[in-house]
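Show me how the following folds:
(4 chains)
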Number of protein chains: 2
Amino acid sequence: MAGPTARDSAPTGAQPDPWPDLLAEDHALLDRTSTAERVADALRQLIIDGRLLPGTRLSEQSAGKALAVSRNTLREAFRLLVHERLLVHEFHRGVYVRVLGADDVTDLYRTRRLLETGALRGSSATRRGGLAAIEEAVADAEQAAADERWLDVGTANMRFHQAIVALAGSPRTDEIMRQLTAELRLAFHAKPEPRPFHEPYIARNREIATQLAAGEVDAATRALEAYLTDAERQLLDAF
Amino acid sequence: MAGPTARDSAPTGAQPDPWPDLLAEDHALLDRTSTAERVADALRQLIIDGRLLPGTRLSEQSAGKALAVSRNTLREAFRLLVHERLLVHEFHRGVYVRVLGADDVTDLYRTRRLLETGALRGSSATRRGGLAAIEEAVADAEQAAADERWLDVGTANMRFHQAIVALAGSPRTDEIMRQLTAELRLAFHAKPEPRPFHEPYIARNREIATQLAAGEVDAATRALEAYLTDAERQLLDAF
DNA sequence: GCATATTTGTCCGTATGTATA
DNA sequence: CTATACATACGGACAAATATG
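Numbering: from 1, shown residues only, chains lettered A, B, ... in the order given. Reported below is the predicted structural model:
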């Protein structure tokens, strides 16, 4: 699998290869990827960053001109993002940045609870590298809060939860969690006050991280469940 | 949101509307959907049914001719299925029906364990309708086994697990599980002997269903975990 | 309610780049 | 190395549906 593109025939000099292994991996370098995927990446980032707000219409013509791609290519990118639930597609009417409803928030937290508490329970004190990632996310959130960079606090908080799910050691679960958090951003961007949505949870993240480091998995799981319940209610109250 | 397409103005006659609410919902009727999605549905079904085996190459030209759609439309459908991991896309080489590796099987079962046991734990004796769906899936599997329809046994078994996850009451979780089971079919189709892969589990499904009906959630969870461990090992032994 | 303009859905032709016999 | 086949990406065309005046 994944043909290594063998480069047996080195140039017959003594000089070592000045290009270390940039090939042989996936790397977005030198567009070893389709433009549709790159367009999807760009649009996804715009949505996650809140520069394309929920409800915004993305016309094929204007978006295609802005991104300098043809309509066909753009439509392929749209399909990907619709599949990720970041866009909605209304037949013969175009695509829009998704607007979450209260039921979406409820469902997102239900799914998160399943994944996150399951990952905690399953990782019985193992996986030391995973704890390091959790610790780092908490530290980043604390630093960002000290600098009053509330949006970065939100990003670090999400990295914290991503790191918790990573304890399960499953690439597919990681990918599922990535999509859920991207979708959750839509709810955050609907409300323009980042500070009260993120600040209260820094201390609770710290507490959970400490409990995990001490091997108190059950306590950490209960704390995480309470965390998710409170965060969900806070988001729902905004509706 | 989700514009209800209000039909306030009823026709002013005494006659009741002969067309009950076919509008106002999603409805696949009268192709209220794009051809790309229909093509994706068709291809997905072909893969799930094993009529397109893992490793098969799907050229744009021949597939487009067979399905009578243009290459552009076909490419949109390909993007969807690649995103669902049923196809793989090798740049400038085309798309292929995915071939699972041992690591994929391991990861699939890791994720299933997380979802299925989590759904069981979370559904503390609630949701009676959910138990009915579980019971029905088990009964279907038993009937199919009696008729020696082993492929249908496999389908019913998967419905059983889908019904377990449905206890979580989350549409997103249901959708995730759907994709996982579709992906798992790829592993089954790699091995052409359906009977030994499905038959041994019918009795175990029955046991789990009985335990659930009796409210013995912990026992059912342990039985389900053992089930998944055994099924995973059996698939891995086939490599 | 009607006529028009705009936008999407779908297809086709084609130039370019890439992989493979 | 060349030739062939194919994927990539673009642009144009037309029908169908929707939005607008």
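
Mind telling me what element the residue most central in space within chain A is part of?
Residue closest to the mean C-alpha point of chain A, counted by CA atoms, centre = their mean, is A:R178 at 3.8 Å. A:R178 belongs to helix A:171-190 when assigned by DSSP states H and E.

Pull out the buried residues from the helix or strand that that helix is followed by.
Moving toward the C-terminus from helix A:171-190, the first helix or strand encountered (DSSP H and E) is helix A:194-198. The neighbour-count criterion (16 or more other CB atoms under 10 Å in any protein chain shown) identifies A:194, A:197-198 as the buried residues of helix A:194-198. The way it works is simple: take the backbone N, C-alpha and C, and place the C-beta from them, glycine included.

Also stretch A:83-103?
A:83-89, A:95-100.

now what about it, what contacts it?
Residues lying outside stretch A:83-103 but in contact with it, judged by CB atoms under 8 Å, 6 or more residues apart in numbering or on different chains, are A:43-44, A:47, A:52-60, A:78, A:81-82, A:108, A:179, A:182-183, A:186-187, A:190, A:236, A:239, B:1-2, B:32-34, B:79-80, B:83-84.

Buried ones among those?
Neighbour-count burial within the contacts of stretch A:83-103 applies to A:43-44, A:47, A:52, A:54, A:58, A:78, A:81-82, A:108, A:182-183, A:186-187, A:190, B:34, B:79-80, B:83-84; the criterion is 16+ other CB under 10 Å.

and the helix or strand of chain A with the lowest mean pLDDT, C-alpha only, in PDB?
Comparing helices and strands within chain A by mean pLDDT, DSSP states H and E singles out helix A:194-198 as the least confident, with a mean of 82. Output for helix A:194-198, consisting of C-alpha atoms alone and laid out as PDB, is shown next (Å, rounded to 0.1, in the frame of the first residue of the first chain):
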ATOM      1  CA  PRO A 194     -17.100  34.300  24.100                       C
ATOM      2  CA  ARG A 195     -16.000  35.000  27.600                       C
ATOM      3  CA  PRO A 196     -18.900  33.700  29.700                       C
ATOM      4  CA  PHE A 197     -19.100  30.600  27.500                       C
ATOM      5  CA  HIS A 198     -15.500  29.500  28.100                       C
END
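
about what we covered before: next, format the buried residues of stretch A:83-103 as TSV and append distance to B:G215.
Compiled in TSV, those are given as follows (distance: CB to CB, whole Å):
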residue	distance to B:G215
A:H83	39
A:E84	38
A:R85	35
A:L86	41
A:L87	43
A:V88	41
A:H89	43
A:V95	47
A:Y96	45
A:V97	45
A:R98	39
A:V99	40
A:L100	35
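
Out of those, which sit inside helices?
Using DSSP state H, the members of the buried residues of stretch A:83-103 that fall in helices are A:H83.

A:V105 - nearest residue in space that isn't next to it in sequence?
The shortest distance from A:V105 to any residue other than its chain neighbours is 5.1 Å, reached at A:L235 (CB to CB, 6 or more residues apart in numbering or on different chains).

State the distance from the one you found to chain B.
Shown here: A:L235 relative to chain B, a distance of 16 Å by CB to the nearest CB, to the nearest Å.

same deal with A:V217?
Computed as CB to the nearest CB, the A:V217 to chain B distance reads 15 Å.

Would you mind giving both backbone torsions of that residue?
Listed backbone geometry of A:V217 is phi -70, psi -40, with angles given as degrees, to the nearest 10.

tell me which element the residue nearest to A:V105 falls in.
Per DSSP H and E: A:L235 is located in helix A:217-237.

Mean confidence (pLDDT) on that helix, please.
Confidence for helix A:217-237, expressed as mean pLDDT, is 93.

list the helices and strands it packs on?
Contacting helix A:217-237 under the criterion 3 or more CB pairs under 8 Å, 6 or more residues apart in numbering or on different chains; DSSP states H and E are the following elements: helix A:102-122, helix A:194-198, helix A:202-213.

Please parse chain A into its domains.
Chain A breaks down into these domains under automatic domain parsing: A:21-97, A:102-238.

Against DNA strand D, how distant is A:A68?
As for A:A68, its distance to DNA strand D is 6 Å (criterion: CB to the nearest atom of the strand, to the nearest Å).

Tell me where the model's unsure across chain A.
In the prediction, chain A carries residues with pLDDT under 70 at positions A:1-31, A:124-128, A:192.

Show me which residues of it are close to DNA strand C?
Applying CB under 7 Å from any atom of the strand, we find that chain A lies next to DNA strand C at A:3, A:59-61, A:71-72, A:75, A:89, A:91-94.

I'd like those laid out as CSV, including secondary structure and distance to B:A133.
Converted to CSV, the residues of chain A next to DNA strand C look like this (DSSP: H, G, I helix; E, B strand; the rest coil; distance: CB to CB, whole Å):
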residue, secondary structure, distance to B:A133
A:G3, coil, 45
A:S59, coil, 42
A:E60, helix, 41
A:Q61, helix, 46
A:R71, helix, 43
A:N72, helix, 42
A:R75, helix, 37
A:H89, strand, 30
A:F91, coil, 31
A:H92, coil, 36
A:R93, coil, 35
A:G94, strand, 37
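
buried ones in stretch A:204-216?
When burial is assessed from 16+ other CB under 10 Å, stretch A:204-216 yields the following buried residues: A:204-209, A:211-212.

who does the residue lying closest to A:V82 once chain neighbours are set aside bridge with?
Take A:V82 and drop its neighbours on the chain: the residue closest to it by CB to CB, 6+ apart is A:H89, 4.8 Å away. Residues in a beta bridge with A:H89, per DSSP bridges, are A:V95.
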